[in-house]
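coords below, sequence missing:
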């Protein structure tokens, strides 16, 4: 067992897939919220978010989609706004051996909250 | 089942405790890394980190301890430095019904990496 | 002239006071926006923001006041929200020799924008 | 005089160019420090940093260059590291009417500090 693996011997592959995906989702949100952007720069921001967090342990893929309607509503006199959590729709795919977890954040109207949850687990 | 709970019906209490603790750990790291601080202000920074992330879903307690030796080594001519991940020793206790998970970050020399892992789960 | 000072020999004391205060204001905003908080934890967050950025070069004092009405409007089902720029009312006092600059951020309704500007300069 | 301009009537164009460039430099540092990256993703991160902060008031151009030698030295067992301030070499060009200010951050060995200063002002 490698140096890294001994720290995870107390949880199952399924649990570790959930764990690693959740870390990256919390991290992505708090790293990038506040970034200035508008419709013209949304694409480079999405790409940087995707590439950055695909590097983290066990992350297989990251898909980021910023809600442009919410961007438009938050637009200022200066023709840009700050990225906020309610604009984020992100899927993070984390893979540990034969388990793939899909962690999601999306804004849930009835909670007025950008909820992070486990959308799917494929074993 | 409440509006919040339906999003978590596909995972166990144990898995959700891991999930929520992991989100908060990833979030805490990326929210606060980069903050200017020195020995005099370490305490107020630790307190803000603890209080902020205790608010997140299912988080019972957060204990933050900044490694002051690493702070000293990173000190600049301006008598402060930026908080970096290798200085963090944090425990996040997440609780879902009867399950308590302890999520930890600490710097692991042999990996040259501030590792996040599940330190303990009490059921 | 010290090692630090030679980099500022091309600007006046007044200009440097503006410069250093502006850096700290931009920094403070982007460091802390996104932090989870509610009315109970607002005070520790304000204190950490004040102490952290008072450390930066030439900063004499930082006063942070979070707009609790805006906090209340942004409150979620989970009894906290994320700090956003529109909630910030901050004054940063930067001092270079005999010049004191007061840099301010406050939300300006007619711009729908949290504006940073030089509120006062005392020479 | 527009709504925005009245807040800047107490400073000269030269001072405002310094002010706006300094805000964006402090902001850029604290927004992006902590982001996971390696040599493969450095380019998308640099691009997002450049495009994001070119949007801020009076910013004409942003040039970001990450020090890849410092990246290599900070590399971990997980084949990426976190962006830190000492890796940043950034120029922000801010323009107010006929004044162009060049704000720079670069790591200064003798200060052990990533210094922000006014590199040039062209009037």
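Structure's in. What do you need? Just so it is clear, the structure is predicted and the values come from calculations on it, not from any experiment.

how many other residues sit next to the closest residue to chain D within chain A?
Nearest to chain D, among the residues of chain A, is residue A:48, at 3.4 Å (CB to the nearest CB). C-beta coordinates here come from the backbone N, C-alpha and C atoms, glycine included. Residues near residue A:48, counting by other CB atoms under 10 Å in any protein chain shown, number 27.

Looks like it contacts residue D:45 (just checking).
Yes. Between residue A:48 and residue D:45 there is a contact under CB atoms under 8 Å: 5.2 Å.

Now the common contact residues for these two.
The overlap between the contact sets of residue A:48 and residue D:45 (CB atoms under 8 Å, 6 or more residues apart in numbering or on different chains) consists of residue D:35.

How about the contacts made by residue A:87?
Residue A:87 sits next to A:66, A:67, A:70, A:71, A:74, A:107 when contact means CB under 8 Å, 6+ apart.

thought the first one was touching residue A:47?
No. Using CB under 8 Å, residue A:66 and residue A:47 do not qualify as a contacting pair, with a distance of 11.4 Å.

and the strand or helix carrying the residue of chain A closest to chain D, average pLDDT?
Assigning secondary structure by DSSP states H and E places residue A:48 in helix A:42-54. Averaging pLDDT along helix A:42-54 yields 98.

Off-centre distance for it?
10 Å (CA atoms, centre = their mean, to the nearest Å).

Check stretch A:116-123 too.
Relative to its parent chain, stretch A:116-123 has a centroid offset of 13 Å by CA atoms, centre = their mean.

hmm, that stretch in reach of chain C?
No. If you take CB under 8 Å from any CB of the partner chain as the test, stretch A:116-123 misses chain C, and the best it gets is 11.2 Å.

buried ones in that stretch?
A:116, A:117, A:118, A:119, A:121 (16 or more other CB atoms under 10 Å in any protein chain shown).

Could you single out the nearest of the residues you listed to residue B:20?
Distance to residue B:20, by CB to CB, is smallest for residue A:116 among the buried residues of stretch A:116-123, at 8.7 Å.

hey, where'd the strands end up in chain A?
A:36-37, A:59-66, A:81-82, A:88-96, A:99-108, A:113-122 (DSSP state E).

For stretch A:50-63, measure first residue to last.
From its first residue to its last, stretch A:50-63 covers 6 Å (CA to CA, to the nearest Å).

residues making contact with that stretch?
With CB under 8 Å, 6+ apart as the criterion, stretch A:50-63 contacts A:4, A:16-17, A:20-21, A:23-24, A:27-28, A:31, A:49, A:64, A:90-96, A:100, D:35-38, D:40-41, D:44-45, D:78-80.

again, 6 Å this time
A:20, A:24, A:28, A:64, A:91-96, D:35-37, D:41, D:44, D:78, D:80 (CB atoms under 6 Å, 6 or more residues apart in numbering or on different chains).

residues contacting the residue nearest the centre of chain A?
By CA atoms, centre = their mean, chain A has its centre lying nearest to residue A:25, at 3.9 Å. Neighbour list for residue A:25: A:92, A:103, A:105, A:116 [criterion: CB under 6 Å, 6+ apart].
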